[in-house]
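Peer 1: sequence and predicted structure are below.
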Amino acid sequence: MACSPVRPLPAGVLAGLVCHPRTHLVGSVTALGYSSPDTALAAYLAALASAGVAIRSGDCESGKPGADGWTPGDGQWGPGGVEPDRDGCLVAPTTGAEALALCGNGVFLSVVGRTSDLRALYAWAERFPAAALKAGSVSTPSPPGICYGGWGA
């Protein structure tokens, strides 16, 4: 897998990396490290808004754009009561199918597909790497599998 630093870094981003997994489904995975979970949440919400996707909507598992919190307590935290640990999916006008994840501690991942198959792309991003499952490091509640790495398969 080929990876390179994100340059220039977007405002509020401390570090960024874009990788190109060797898969027919995924074009790129971009990981951005924001200065805080709230800053990452603001970027995530802006990405959703630009694609016309509302939070607490859709059904990514069925291929319908949407976004939800992956931890309990959504509605009790952050701007507008939005939990900062979230995942979702959208269809962007310029990039097509995209899966998004806020992994905690200000880490925002974007998975851009090579195809328009939103359902398959989201399933790829949700899947846990075998090493994480074997090591027993998957917690409950758990971030999407993409947050654990293992982007090559």
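Peer 2: Right, received. Where do you want to start? Numbers count the residues shown, from 1 in each chain.
Peer 1: outside of the longest helix seen in the chain itself, list whatever touches it.
Peer 2: In the chain, with assignment by DSSP state H, the single longest helix is helix 37-50. If you take CB atoms under 8 Å, 6 or more residues apart in numbering as the criterion, helix 37-50 is touched by 10, 12, 32, 34, 54-55, 67, 78-79, 82, 84-86, 88, 90, 92, 100, 102, 104-108, 110. For the C-beta atoms, the positions are set from N, CA and C on the backbone; glycine is no exception.
Peer 1: in the helix or strand following it, what's buried?
Peer 2: Downstream of helix 37-50, the next assigned helix or strand under DSSP states H and E is strand 57-59. Applying a neighbour-count criterion of 16 or more other CB atoms under 10 Å, the buried positions in strand 57-59 are Gly58.
Peer 1: with stretch 104-117 instead?
Peer 2: Across stretch 104-117, burial judged by 16+ other CB under 10 Å covers Gly106, Val107, Phe108, Leu109, Ser110, Val111, Val112, Gly113.
Peer 1: the fourth one is in contact with Glu98, isn't it?
Peer 2: To tie it back to what came earlier, the one meant is Leu109. No - applying CB atoms under 8 Å, one finds Leu109 not in contact with Glu98, separated by 10.5 Å.
Peer 1: shared neighbours of these two, anything?
Peer 2: With CB under 8 Å, 6+ apart, Leu109 and Glu98 have no common neighbours.
Peer 1: for the longest helix of the chain, what is the distance to the chain centroid?
Peer 2: Centroid separation between helix 37-50 and its chain, computed with CA atoms, centre = their mean, to the nearest Å, is 11 Å.
Peer 1: now stretch 87-94
Peer 2: On CA atoms, centre = their mean, the centre of stretch 87-94 falls 10 Å from the chain's centre.
Peer 1: other residues contacting that stretch?
Peer 2: With contact meaning CB under 8 Å, 6+ apart, stretch 87-94 is reached by 44, 47-48, 50-51, 53, 55, 58, 60, 65-68, 70, 97-102, 116, 118, 121-122, 125-126, 143-144.
Peer 1: tell me which residues of it come out buried.
Peer 2: Quick answer for stretch 87-94 (16+ other CB under 10 Å): Asp87, Gly88, Cys89, Leu90, Val91, Ala92.
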